[in-house]
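>>> What follows is a predicted protein model with its sequence.
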Amino acid sequence: MSLKVTDVVVRRGVGPVISGVSLEVHQGSITTIVGPNGAGKTSLLESLSGIIPIASGGLEIDGQEISTLSRRQRSLLGLKHVEQGRMIFPSLTVRENLTLTARSKADFDEAMSLFPELEKRIDSPTVLLSGGEQQMVVLARTFAARPRYIMIDEMSLGLAPVVFLRLVPVIQGIAQSGVGVLLVEQFAHLALRAATDALVVTSGKVSYHGPAQELLADEALLRNAYLGQ
Ligand SMILES: Nc1ncnc2c1ncn2[C@@H]1O[C@H](COP(=O)(O)OP(=O)(O)OP(=O)(O)O)[C@@H](O)[C@H]1O
C-alpha cells in the first residue's frame, strides 16, 4: 500500500516548477522532502492534493489512479494535506475542531490521545492556544478524519525548534498507526531524523531519494539540499 507519484510535471505561470518527480510513500513510513527556497516543494504537495493541476504524470493511492480527481475526491480517498499556516477555526474550541472531522467517538478519542496536553484545553477556543498547541489541534483534527496519507507543509512555521520537537513524536505516532507521511520542513535536520526516507528536490527535480539516515550522514549532499549548490 502506497502513495505513488510517477514522473509528475507541474506548471505555474509560464514554465514548469516540477519537472518529472517520482516518489513513493508507504503506509507507516515518513518521507521528508528538503530543498532550497523555491525548489518546488510546496507546489509538489499542492499538485498532489489537487490545489493546482498535475500537467502530466501519475498519482496513485493504494493502486488507484487519482491524478484527475478533484481535491475533495482525493481527500475522501484518504489523502490529506496540512497546508502552510495554522488552518484552525479560531473561534471554535478544540473539541469542536475535532468534531468537524471525526466520524465516531472512537476516532475523536484516538486523535485526542495523541496530545494528552490538549485535554485540559478541550473547551477553550483555539485562538487562545499557543502556536504549538494550535498545530497540535491541526494534526489531531487531520488524524481524526482517518487518513491513509498525510502531507504536512512547514508545520513549524513561526514555531521555535523546541516546540516543533514536541510535534515530531506525534508525527511518528501517526505513521506508526499505519498512515504514510510526507513532510516538508524548514527544520530539515529534525525532520530528517524523524523520517525513514528522504527526498531532495532542487529546481523542480529529484536529486536524491533514499534513506533519510544516509542523507543525514552525507555532508555534501545535505549542503546541496539546503542551498541547491
Ligand atoms: N502562486 C504562484 N504563482 C506562480 N508561481 C508560483 C506561485 N507560487 C510559487 N510559485 C513559483 O513556483 C516555484 C516553486 O515555488 P514553491 O513555493 O513551490 O517552492 P518551495 O520549495 O516550497 O519554496 P519555499 O521553501 O521557499 O517555500 C518558485 O519559482 C515560485 O516563484
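Structure's in. What do you need? Residues are numbered from 1 along each chain as shown.

>>> who does the most centrally placed residue in the chain bridge with?
Taking C-alpha atoms, centre = their mean, the centroid of the chain lies closest to Ile152, which sits 1.9 Å from it. Taking DSSP bridges as the rule, Ile152 bridges to Val82, Leu183.

>>> ok now do it, which residues does it touch?
Val82, Leu139, Ile171, Val181, Leu182, Leu183, Val184, Glu185 (C-beta atoms under 8 Å, 6 or more residues apart in numbering). Every C-beta, even on glycine, is put in place using the N, C-alpha and C of the backbone.

>>> Among those residues, which one sits closest to Thr68?
Leu182 (20.2 Å; C-beta to C-beta).

>>> and the gap between the residue nearest to the centre of the chain and the ligand?
13 Å (C-beta to the nearest ligand atom, to the nearest Å).

>>> on that earlier part again, let me know the closest of the contacts of Ile152 to Glu214.
When the contacts of Ile152 are ranked by distance to Glu214 (C-beta to C-beta), Leu183 comes first, at 16.9 Å.

>>> wait, doesn't the closest one sit right on Asp197?
No: using C-beta atoms under 8 Å, Leu183 makes no contact with Asp197, being 10.1 Å away.

>>> any residues in contact with both of the two?
Going by C-beta under 8 Å, 6+ apart, residues that sit against Leu183 and also against Asp197 are Ile30, Thr31, Thr32.

>>> Report all helices and strands that the helix-or-strand element of the chain with minimal mean pLDDT contacts.
Counting by mean pLDDT, DSSP states H and E, the chain has its least confident helix or strand at helix 219-227, which shows a mean of 79. Counting contacts by 3 or more C-beta pairs under 8 Å, 6 or more residues apart in numbering; DSSP states H and E, helix 219-227 packs against helix 188-194, strand 197-202, strand 205-211, helix 212-217.

>>> What residues of it count as buried?
Across helix 219-227, burial judged by 16 or more other C-beta atoms under 10 Å covers Leu221, Leu222, Asn224, Ala225.

>>> just stretch 7-26 next, same as before
Val8, Val9, Val10, Arg11, Pro16, Val17, Ile18, Ser19, Val21, Leu23, Val25, His26.

>>> contacting residues for Val163?
Ser130, Gly131, Gly132, Gln135, Ser156.

>>> Checking my notes, the fourth one in a helix, right?
Yes: when classified by DSSP: H, G, I helix; E, B strand; the rest coil, Gln135 is found to be part of a helix.

>>> Tell me, what's the model's pLDDT at it?
Looking at Gln135, its pLDDT is 90.

>>> List the contacts of stretch 111-123.
Stretch 111-123 is contacted from outside by 93-95, 98, 102, 128-129, 133, 136-137, 139-141, 143-144, 170, 173-174, using C-beta under 8 Å, 6+ apart.
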